[in-house]
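> Any chance you can model this:
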Amino acid sequence: MNPLLDIHPEVAQALQRGAAVVALESTIIAHGMPWPQNVETALAVEAEVRAHGAVPATIAVIDGRLKAGLDRPAIEAFGRAGPSLPKASRRDLPLLLARGQSGATTVAATMIIAALAGIRVFATGGIGGVHRGAGTSFDISADLQELARTPVAVVCAGAKAILDLPLTLEYLETHGVPVIGWRTDRLPAFYTRDSGLPLVQRADDVAEIAASMRVQWGLGYPGGLVVANPIPAEFEMPRDVITQAIAGALAEADAQGISGKAITPFLLDRVATLTGGDSLASNIQLVLNNARLAAGLAVAYVAQPIA
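Here you go, the predicted structure:
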């Protein structure tokens, strides 16, 4: 085990006996939602993972240590600290650890820590991607490159709808990252079930995805995969409402000169405000839905014979 990594005893025991474990990120707690919905959602997601046969492992950096699995007081502390905690991606981990600081892990950093712990399945809301206007800004999330290099399956509702979804899908294809639609032939668009973008891979059985994971890593492929899980139909946002809200939020971000790490939490917050809180409610439901699927996938994965 990596000397900088602490694995929660429950998670360690599950891994030792070959049980299903699902990684969960902490940026969604500190930066993705306001208090107290952030902590309520984090605890509900962990409960959902448990209810479907897996052990949750919320990932974070605390006092210069990589953490795979948090107890309730730690989750509550992250929720209360909120945006005062830095977002930790791949580039941030070394200096945070060297300084003995804490940070909320993004998709990329969560994948890194999960892989170090031996966790192969990760549930989140939506991955980062190519930002709109990237042709001039070159703003592309480190999440995409991490998917190309780190062997973890990421269950999500597609990329966040505030992004350039066609370019995000193209980037993943270029880097050989499988994007598998869960019972869909179209890429989900976070708040809505269908972005209109076709997917070349689809699966209707978690055992099939689990088998493909074993084959992918058995071939020596270095990267992970995306399992794109549409938001449940009853919680889907009306397309015109969310499109208008995103356009308004993007215009505000541009006018205020907001970019880099600050832009995603700003846009999500503004979209929630512009939709009267409806987008936050949808966000919570899609995360819970992803946790259910991830737990099922983790159970299927540990049941697969090792190639």
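
> pLDDT score for the most centrally placed residue in the chain?
Compute the mean C-alpha point of the chain, and by C-alpha atoms, centre = their mean the closest residue is residue 124, 3.0 Å away. Looking at residue 124, its pLDDT stands at 97.

> how close does it get to residue 13?
24 Å (C-beta to C-beta, to the nearest Å). To be clear about C-beta, it is placed using only N, CA and C from the backbone, and glycine gets the same treatment.

> Could you find the closest non-adjacent residue to residue 18?
residue 302 (5.5 Å; C-beta to C-beta, 6 or more residues apart in numbering).

> buried stuff in the helix or strand where residue 97 lies?
Of the helices and strands defined by DSSP states H and E, residue 97 is found in helix 93-99. Under the neighbour-count criterion of 16 or more other C-beta atoms under 10 Å, helix 93-99 has 93, 96-97 buried.

> low pLDDT regions in the stretch 101-250 of the chain?
In the prediction, the stretch 101-250 of the chain carries no residues with pLDDT under 70.

> for the longest helix along the chain, the distance to its chain's centre please.
The residue-count maximum for a helix in the chain (DSSP state H) belongs to helix 278-303. Computed by C-alpha atoms, centre = their mean, to the nearest Å, the separation of helix 278-303 from the middle of its chain amounts to 10 Å.

> Also stretch 99-112?
Worked out by C-alpha atoms, centre = their mean, stretch 99-112 lies 13 Å from the chain centre.

> now swap in stretch 201-208 and tell me
The answer for stretch 201-208 is 19 Å, by C-alpha atoms, centre = their mean.

> Kindly export the lengthiest strand in the chain (C-alpha atoms) in PDB.
Identified as the longest strand of the chain according to DSSP state E is strand 55-62. Taking C-alpha atoms only, strand 55-62 is exported to PDB below (Å, rounded to 0.1, in the frame of the first residue of the first chain):
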ATOM      1  CA  VAL A  55     -19.100  -0.600   0.400                       C
ATOM      2  CA  PRO A  56     -18.800   3.200  -0.200                       C
ATOM      3  CA  ALA A  57     -15.300   4.900  -0.100                       C
ATOM      4  CA  THR A  58     -15.600   8.600  -0.200                       C
ATOM      5  CA  ILE A  59     -12.200  10.000  -1.300                       C
ATOM      6  CA  ALA A  60     -10.400  13.100   0.000                       C
ATOM      7  CA  VAL A  61      -7.100  14.600   1.100                       C
ATOM      8  CA  ILE A  62      -7.000  15.400   4.800                       C
END
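
> How about residues contacting the helix or strand just after it?
Where DSSP H and E defines the elements, the next helix or strand beyond strand 55-62 is strand 65-68. With contact meaning C-beta atoms under 8 Å, 6 or more residues apart in numbering, strand 65-68 is reached by 2, 4-8, 11, 23, 57, 59-61, 74, 93, 97, 113-114, 116-117, 119.
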